[in-house]
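Participant: build the 3D model from these lines:
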Amino acid sequence: MQFLDWLIVGTYLLMCVLLGLYFTKRALRSVDDFFASGRSLPWWLAGISMTASAFSIDTPIGITGLIAKDGIPGVWYAWSFVLGGAGTLGAFIFAPLLRRSRIITTAELIELRYAGRQAAFLRGFKGVYFGILANAITLGWIIKAVWTLAAVLLPGVNQHLLALGLMGIVLVYAAAAGLWGIAATEFFQFIVGSFGSFILAYFAWQHIGGAGELVNAFVLKYGAADASARLSFLPMPGTPFFVTFIVFITIKWWGNPPPAITQRIIASKDEKNASFATMLFTILAFGFNYWPMIFAGMVSIVAFPEASSPESGYAMMIVKLLPTGFLGIMIASLMAAFMSTVDAHINFGASYMVNDIYRRFIKKDGSEKHYVRASQISTVIMLLVSIAIAYNTESVSGAWYYLAMLTAGYGIVIVVRWFWWRVNAWAEITALAASGIASTLLSPKFAALAGYSAFLPELDWNIRFIIVVVLCTISWVIVCFLTEPDPDEHLKNFCLKVKPYRTFWGPVYRKYPELPYRKGFWMACTRWAIGSAMVFSFCFGLGHLMFLRFTEGLVLLSMAAIFALIILGTWKRRDADPEEVLVSDQMPADSVSN
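Facilitator: Here you go, the predicted structure:
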């Protein structure tokens, strides 16, 4: 790092602080402003903010690790989520529903959807588990990634002080300006992060000699047959990853949008902006951002075999390939990736603390000013908890994988609850409990600790995951029919506010024919299918261009453009206003206004 590099890094950090603090007054007017930007983000800012928050500092080294293990097909760990709540399902199905709910957190949705003490318990549990514990473990993993990279990239700098300094800067604008400041800062961080990613890919291209030489290097390293499988965009039948791929594209992607994505959906101007924002995120995050990281990761694997691990090889490549000035930009881009993730997580973590724990169960009669101050304090607490976990957990990754497995079968029920009136809080509690118990009992580490590992067959992660999903689904469906449904009046109020698709809500709408219901369920499903095809066509079109297969690349990009035009065309015909037409059984459709 030379003076120019440090000057670039310093300028970047100063810009982040100034951008964040600019929105301080607007963010402190209310809790809604602090955590949801007053629900006025335009689609382009909300979408780019989603993308920046999802692009963490450990993303490129994680992609490198996946490629080292399974080749390009390994990236389907991420690509499979194009289909789910974090992708096109979120854009065309969940975004309008979430935006109409006017919630602040997904835990708050529990008491909007369900009634009774069991709903209150579930809301509090989700606030603690998902909002604080799982969130803090994720941040702890990311903090550890900073320490690992800093040790290689900045050997003369104390990596712990560096991470604390960056988090201190994040805390300044995140606590002072809430989501307003975070969204504005993340827009800038997205530009810096993307530029740095492309710079590294460019110098990696120059170092290896282009895509053709990279392919030759893979053939030399792995052999022709193995290299062909590793360079394929789709996993080949018979390869070790193929079964995992099938699991991922069939059941792993089920779920609502992640909390950081949900927060920006509910902060959007209206439903149409929420849908467009989520679609923009899906295109940028899954179709665009990964390819520079994929190419750079592939180069680091074959060009730096002396590295102790693929991840450290990626860091070594940054140090060895980037000249002065460009090194500073790359360091700033990695800082941007780290900071954009930290600010998102501490903000939505604080929203759970205030909205679903403090205001719901501890102090219910505070003023708006009081809760805004509590939101700022909770932001600080969320960051301190994450730092404590990072310092005191030897294997954060192991803890994270365990927590992820605990909710293996939970994703299906939280999708179905939007479409089936019979789902209740007991069903969702059962799903969490069954998933947690089954995944724990099937865990080889727990089996060894409990002394029954000799009686447990050796099961791959894929098989254990499927077993947990099946047991979990059977359990919560049975509980649905063994317990009473939520009161009709509560379900009526939910439908009145959220206006779910009438599919599988027939009994509620028959009892209350005055309820407006949302048309176009099958159109939304069609958009989901076409949108998924569009993102995958765009993604693999870029991939083919990167490997200089221009005919295939241009054909796929043309298909992506056609799919996009079809989606926009249906939106223009059916969505002249932000909401589709809402129809009541008591009046004709053309007499009902939005």
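Participant: quick one: the strands in this protein?
Facilitator: 516-518, 582-584 (DSSP state E).
Participant: mean pLDDT lowest for which of the ones you listed?
Facilitator: Ranked by mean pLDDT, the strands of the chain bottom out at strand 582-584, with a mean of 51.
Participant: show me the contacts for Phe92.
Facilitator: Residues near Phe92 by Cβ atoms under 8 Å, 6 or more residues apart in numbering: 275, 279, 524-525, 527-528, 531. For glycine as for every other residue, the C-beta is placed from the backbone atoms N, C-alpha and C.
Participant: now those residues as JSON lines including pLDDT, neighbour count and distance to Gly223?
Facilitator: Listed next are the contacts of Phe92 as JSON lines, based on pLDDT from 0 to 100; neighbours: other Cβ atoms under 10 Å; distance: Cβ to Cβ, whole Å:
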{"residue": "Ser275", "pLDDT": "93", "neighbour count": "29", "distance to Gly223": "46"}
{"residue": "Met279", "pLDDT": "95", "neighbour count": "24", "distance to Gly223": "40"}
{"residue": "Ala524", "pLDDT": "86", "neighbour count": "20", "distance to Gly223": "46"}
{"residue": "Cys525", "pLDDT": "89", "neighbour count": "15", "distance to Gly223": "43"}
{"residue": "Arg527", "pLDDT": "91", "neighbour count": "24", "distance to Gly223": "43"}
{"residue": "Trp528", "pLDDT": "93", "neighbour count": "19", "distance to Gly223": "40"}
{"residue": "Gly531", "pLDDT": "94", "neighbour count": "26", "distance to Gly223": "38"}
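Participant: in helices, which of these fall?
Facilitator: If you go by DSSP state H, the contacts of Phe92 have 275, 279, 524-525, 527-528, 531 in helices.
Participant: from these, which two are the most distant?
Facilitator: Farthest pair in the ones in helices among the contacts of Phe92 (Cβ to Cβ) is Met279 and Cys525. Separation: 15.2 Å.
Participant: Tyr517 and Glu271, how far apart?
Facilitator: 15 Å (Cβ to Cβ, to the nearest Å).
Participant: could you tell me how many residues sit around the residue lying closest to Trp426 once chain neighbours are set aside?
Facilitator: Nearest residue to Trp426, sequence neighbours excluded (Cβ to Cβ, 6 or more residues apart in numbering): Thr483, at 4.6 Å. Neighbourhood size, Thr483 [other Cβ atoms under 10 Å]: 15.
Participant: quick one: Thr483 from Ala434, how far?
Facilitator: Going from Thr483 to Ala434 by Cβ to Cβ gives 15 Å.
Participant: cool, Trp420 as well?
Facilitator: Taken as Cβ to Cβ, the span from Trp420 to Ala434 is 18 Å.
Participant: can I assume Gly328 is in contact with Gly10?
Facilitator: No - taking Cβ atoms under 8 Å as the definition, Gly328 is not a contact partner of Gly10, at 9.2 Å.
Participant: count the neighbours of the nearest residue to Ser53 once chain neighbours are set aside for me.
Facilitator: Counting by Cβ to Cβ, 6+ apart, Ala344 is the residue found nearest to Ser53 once chain neighbours are left out, at 3.5 Å. A total of 30 residues lie near Ala344 under the criterion other Cβ under 10 Å.
Participant: contacting residues for the nearest residue to Leu28 once chain neighbours are set aside?
Facilitator: The shortest distance from Leu28 to any non-neighbouring residue, by Cβ to Cβ, 6+ apart, is to Val372 (5.6 Å). Each residue near Val372 by Cβ under 8 Å, 6+ apart is listed here: 28-31, 34.
Participant: just Phe521 next, same as before
Facilitator: Neighbouring residues of Phe521 by Cβ under 8 Å, 6+ apart: 501-503.
Participant: kindly state the pLDDT recorded for it?
Facilitator: 82.
Participant: distance of it relative to Arg527?
Facilitator: Taking Cβ to Cβ, one finds Phe521 at 11 Å from Arg527.
Participant: and if you look at Arg464?
Facilitator: Taking Cβ to Cβ, one finds Arg464 at 34 Å from Arg527.
Participant: show the buried residues in the contacts of Phe521.
Facilitator: 501-502 (16 or more other Cβ atoms under 10 Å).
Participant: among the contacts of Phe521, name the ones in helices.
Facilitator: Per DSSP H, the contacts of Phe521 never map to helices.
Participant: ok, so of the contacts of Phe521, who is nearest Gly124?
Facilitator: Tyr501 (29.2 Å).
Participant: I'd assumed Ala524 was in contact with the closest one.
Facilitator: Yes - contact between Tyr501 and Ala524 holds when scored by Cβ under 8 Å: they sit 7.4 Å apart.
Participant: quick one: contacts of stretch 496-505?
Facilitator: 97, 100-102, 112, 418-421, 494-495, 509, 515-518, 520-521, 524, 582.
Participant: residue contacts, the residue nearest to Ser53?
Facilitator: Applying Cβ under 8 Å, 6+ apart, the residues near Ala344 are 49, 52-53, 182, 186, 260, 263.
Participant: same deal with Val479?
Facilitator: Applying Cβ under 8 Å, 6+ apart, we find Val479 in contact with 426-427, 430.
Participant: now, which of these sits nearest Ile562?
Facilitator: Ala427 (41.1 Å).
Participant: run a quick neighbour tally on the closest one.
Facilitator: Count around Ala427 with other Cβ under 10 Å applied: 24.
Participant: separation between the closest residue to it other than its chain neighbours and Pro457?
Facilitator: Spatial nearest neighbour of Ala427, excluding adjacent residues (Cβ to Cβ, 6+ apart): Trp476 at 4.3 Å. Applying Cβ to Cβ, the value for Trp476 to Pro457 is 26 Å.
Participant: so which of these two has more stuff around it?
Facilitator: Trp476 (26 against 6).
Participant: quick check, the more buried one in contact with Glu428.
Facilitator: Yes - assessed by Cβ under 8 Å, Trp476 is found in contact with Glu428 at 7.1 Å.
Participant: and for the two, which residues touch both?
Facilitator: The contact lists of Trp476 and Glu428 share Val413, where a contact means Cβ under 8 Å, 6+ apart.
Participant: before we move on, back to that, what sits in contact with each of Tyr501 and Ala524?
Facilitator: Joint contacts of Tyr501 and Ala524 (Cβ under 8 Å, 6+ apart) do not exist.
Participant: kindly list the longest helix within the chain.
Facilitator: If you go by DSSP H, the chain has its longest helix at helix 159-208.
Participant: and that helix, how far out from the chain's middle?
Facilitator: For helix 159-208, the gap between its own C-alpha mean and the chain's C-alpha mean amounts to 17 Å (Cα atoms, centre = their mean, to the nearest Å).
Participant: stretch 326-333 now?
Facilitator: 25 Å.
Participant: alpha carbons only: can I get that stretch in PDB?
Facilitator: Only the C-alpha atoms of stretch 326-333 are listed here, as PDB (Å, rounded to 0.1, in the frame of the first residue of the first chain):
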ATOM      1  CA  PHE A 326      -5.700   0.000  -8.300                       C
ATOM      2  CA  LEU A 327      -4.700  -1.800  -5.000                       C
ATOM      3  CA  GLY A 328      -6.200   1.100  -3.100                       C
ATOM      4  CA  ILE A 329      -9.400   0.900  -5.100                       C
ATOM      5  CA  MET A 330      -9.600  -2.900  -4.500                       C
ATOM      6  CA  ILE A 331      -9.100  -2.400  -0.700                       C
ATOM      7  CA  ALA A 332     -11.800   0.200  -0.700                       C
ATOM      8  CA  SER A 333     -14.100  -2.100  -2.600                       C
END
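Participant: do me a favour and get the end-to-end distance for stretch 439-447?
Facilitator: Start to finish, the residues bounding stretch 439-447 are 11 Å apart (Cα to Cα, to the nearest Å).
Participant: great, nothing more from me.
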